[in-house]
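A.B. asks: Pasting the sequence and the predicted coordinates here, then a few questions.
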There are 2 protein chains.
Amino acid sequence: MVTIKEIAKLANVSRGTVDRVIHERGNYSEAIGKKVKKILEKVDYKPNIIARSLVSKKAITFGVFLPKPHQDEKYWELPEQGIKKAEKELETYKVKIIYFHYNKNSKTSFKNCFDKILKKKDELDGLLIAPSMSEFTKKEFIKKIPDGIPYVFFDSYVPNSKCISYIGQNSVQSGSLAAKLMKLLICGKGTVGIIRMVPKDYHIDDRIKSFSDFFNKNKEIKVRIYEINGTTFNKLLQNIFEENSNLRGIFVPSAGAGRVAEYIKEKRIKRNVHIIGYDLTTRNRSFLKKGVIDFLLSQRPEVQGYEGIMTLFRHVVLKEKVKKEQILPIDILTKENLKNY
Amino acid sequence: MVTIKEIAKLANVSRGTVDRVIHERGNYSEAIGKKVKKILEKVDYKPNIIARSLVSKKAITFGVFLPKPHQDEKYWELPEQGIKKAEKELETYKVKIIYFHYNKNSKTSFKNCFDKILKKKDELDGLLIAPSMSEFTKKEFIKKIPDGIPYVFFDSYVPNSKCISYIGQNSVQSGSLAAKLMKLLICGKGTVGIIRMVPKDYHIDDRIKSFSDFFNKNKEIKVRIYEINGTTFNKLLQNIFEENSNLRGIFVPSAGAGRVAEYIKEKRIKRNVHIIGYDLTTRNRSFLKKGVIDFLLSQRPEVQGYEGIMTLFRHVVLKEKVKKEQILPIDILTKENLKNY
DNA sequence: AATATTGCTGTGCTCGTGCACAATAAGTCG
DNA sequence: CGACTTATTGTGCACGAGCACAGCAATATT
């Protein structure tokens, strides 16, 4: 490891001058600036972050902008766990995190919450954002993020933004994987229902599309999409079962598969209907365990939260280059492998 | 964060005395020892590892004892990647790693390699061990690990050892999960062959046992176990296909599924036989992509290596308590979700 | 009584970096 | 020429912990 002291010796100047050049704080002659920069590059100088964080008294503060933890069947607790893990790990580097929770079904809440961020903008050194709202709102609010505050998206993203990184999944792949598993479950024939519960979320639409596409060539399997619009959940499910005597599978592209499973249990439906859903919420977990849900696909929400904060840290504190896209693997969960997640 | 300086003030002694009490270096009176210890406990003193690693000049060295990277279809490259990742991350804490590679098919190599460790025992602050040999050898050599060198097992383990942690998988779960997927693949009927390639490895036996047990109640599916003993690989496979006209699936409980897939491709076997295997080796990956292998189960070898080193670090450097067992989730890989692993 | 030993306690330096401030040289102005 | 500004460079302290060594009483030894 090359230190500032050693570089100062090489350039025949003092530590202070090298320091000024490194941080471009000015107050040095052009000639010496060039000379020092050349040496810095030659020896590939990397500051010792340990010493740096030891001496620097100012804390780093990251803001996290995400839905309230209990929403989507408590799904949002999961990324928050990962964020908390990163927070603990980075404690010695004086990294603090401020949470901004919004109600993901209310534009007002979304706006109010974002206003709070704007008020605190001078304290924030970075933002981690889960933008789960309609395209319009996303675009509106992205513009307002103050210049100079780097931000990372996770779970979902906004096209053409200046985010330093996106951490998430490949929804298209995940949809076709679900289709493959469904085909196996129903032994290649029958009708499959898709239940869309969450309105207008682009990555859920992607899942639905690639799931449907998988079966388009296949004439033995029919796919029908059902939406919750105006009708109640129970009524919708009643319809689905009545309409399709040959219903063999249900695909729930959001975290709501547990509700379908609950309906089947409560109404004591005897038909052998297979369910594939998403995300390891408490309810989903319990019905996967019982065997009512066959497969759950997961997108590692804890890892997303954790890596989100770590990415900000690497960019802001370590000044490293970070990957623009960090696509995480899709996990397939079943009764058998559930235990250790 | 409470510092030694502050504690010294509280106890009305000097920093040096507090330091002596913390490290039990002696040279302090009993009364002051008690007093300082009480305060340490009260304020829950945690040393600042940043400052500590900045000042301490002595490097920490961990030894890693594992099979040569190219063995088992290059499987052992994978945990080594994780180990290298941890090594890089811990560079600032002056952690060094020495690799000891043995030939996993030769007891002599195993012993020679272990002797090298014994020679270097004074330099080692910890050991990460992948004990992939017969029970006998394992027991023999565990005894010889010098007292005072903490060690962690990964991939496999030795019962009743004094290891500080084991990082690995649940082989029983993994076997029954494979069976579940196989049942789906072959639509609930036919014959399934199990091919055992690796001799006497306890976790592979576990996989086979729980795989077989899953089908014991099921009369429509027959399971047969084949071993490579004396015969060549090609001959064995030829036999399997000739003997079983109703062969619908092959389960390879080791990393060798790719070789089976290769055989099928080369001999242009037209029968629709489904393959489930283990581990993301280069060959396995390519045949999974082509659709010849249906599923690969993975035990996150990179994570195992990474967590192995981090566990040693937490125990040796941070003096934290570590979990005795760290069971990792089983990943199900298919053509569709392969891309991001 | 002078010196050595023992038992305990306090101080000062180190690590690499950041930052405030001191120091120096060169030039400007009255 | 002396006072002053400005540009540039050097130095000292701080961060928290570890460790060597100095200091200093109270005994022990000669």
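C.D. replies: It's in.

A.B. asks: I figured residue A:310 hits residue A:86, correct?
C.D. replies: Yes. Contact criterion Cβ atoms under 8 Å: residue A:310 and residue A:86 qualify, at 5.5 Å. No exception for glycine: its C-beta is placed from N, CA and C like everyone else's.

A.B. asks: How about the contacts made by whichever residue of the stretch 51-200 of chain A sits closest to DNA strand D?
C.D. replies: Of all residues in the stretch 51-200 of chain A, residue A:55 sits closest to DNA strand D, at 3.2 Å by Cβ to the nearest atom of the strand. Residue A:55 makes no contacts at all, as judged by Cβ atoms under 8 Å, 6 or more residues apart in numbering or on different chains.

A.B. asks: mind checking how far it is from residue B:55?
C.D. replies: Using Cβ to Cβ, to the nearest Å, residue A:55 is found at 13 Å from residue B:55.

A.B. asks: mind checking pLDDT for residue A:158?
C.D. replies: We have a pLDDT of 81 for residue A:158.

A.B. asks: Now do the SS call for it.
C.D. replies: Assigned by DSSP: H, G, I helix; E, B strand; the rest coil, the conformation of residue A:158 is coil.

A.B. asks: Please determine how far it is located from DNA strand C.
C.D. replies: Going from residue A:158 to DNA strand C by Cβ to the nearest atom of the strand, to the nearest Å gives 33 Å.

A.B. asks: Give me the neighbour count for that residue.
C.D. replies: Residues lying near residue A:158 (other Cβ atoms under 10 Å in any protein chain shown) number 20.

A.B. asks: and it, what is it in contact with?
C.D. replies: A:131, A:138, A:139, A:142.

A.B. asks: hang on, the first one packs against residue A:153?
C.D. replies: Which is residue A:131. Yes. With contact defined as Cβ under 8 Å, residue A:131 counts as touching residue A:153 (6.2 Å).

A.B. asks: residues in contact with stretch A:215-234?
C.D. replies: Under Cβ under 8 Å, 6+ apart, the answer for stretch A:215-234 is A:179, A:183, A:186, A:188-197, A:208, A:211-212, A:236, A:239-240, A:243-244, A:246, A:259, A:263.

A.B. asks: Please save the CA atoms from it in PDB.
C.D. replies: The C-alpha trace of stretch A:215-234 is given here as PDB (Å, rounded to 0.1, in the frame of the first residue of the first chain):
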ATOM      1  CA  PHE A 215     -47.900 -20.800 -23.800                       C
ATOM      2  CA  ASN A 216     -48.800 -19.000 -27.000                       C
ATOM      3  CA  LYS A 217     -47.400 -21.800 -29.200                       C
ATOM      4  CA  ASN A 218     -48.900 -24.400 -27.000                       C
ATOM      5  CA  LYS A 219     -52.400 -25.400 -28.000                       C
ATOM      6  CA  GLU A 220     -53.000 -27.800 -25.100                       C
ATOM      7  CA  ILE A 221     -52.700 -25.100 -22.500                       C
ATOM      8  CA  LYS A 222     -55.100 -22.100 -22.400                       C
ATOM      9  CA  VAL A 223     -54.200 -18.900 -20.500                       C
ATOM     10  CA  ARG A 224     -56.700 -16.400 -19.200                       C
ATOM     11  CA  ILE A 225     -56.000 -13.100 -17.400                       C
ATOM     12  CA  TYR A 226     -58.200 -11.800 -14.600                       C
ATOM     13  CA  GLU A 227     -58.100  -8.400 -13.000                       C
ATOM     14  CA  ILE A 228     -59.400  -7.000  -9.800                       C
ATOM     15  CA  ASN A 229     -61.400  -4.100 -11.100                       C
ATOM     16  CA  GLY A 230     -64.600  -3.100  -9.200                       C
ATOM     17  CA  THR A 231     -65.300  -6.700  -8.100                       C
ATOM     18  CA  THR A 232     -64.200  -8.200  -4.800                       C
ATOM     19  CA  PHE A 233     -61.500 -10.600  -4.400                       C
ATOM     20  CA  ASN A 234     -63.700 -13.500  -3.400                       C
END
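
A.B. asks: With that, I have no additional questions.
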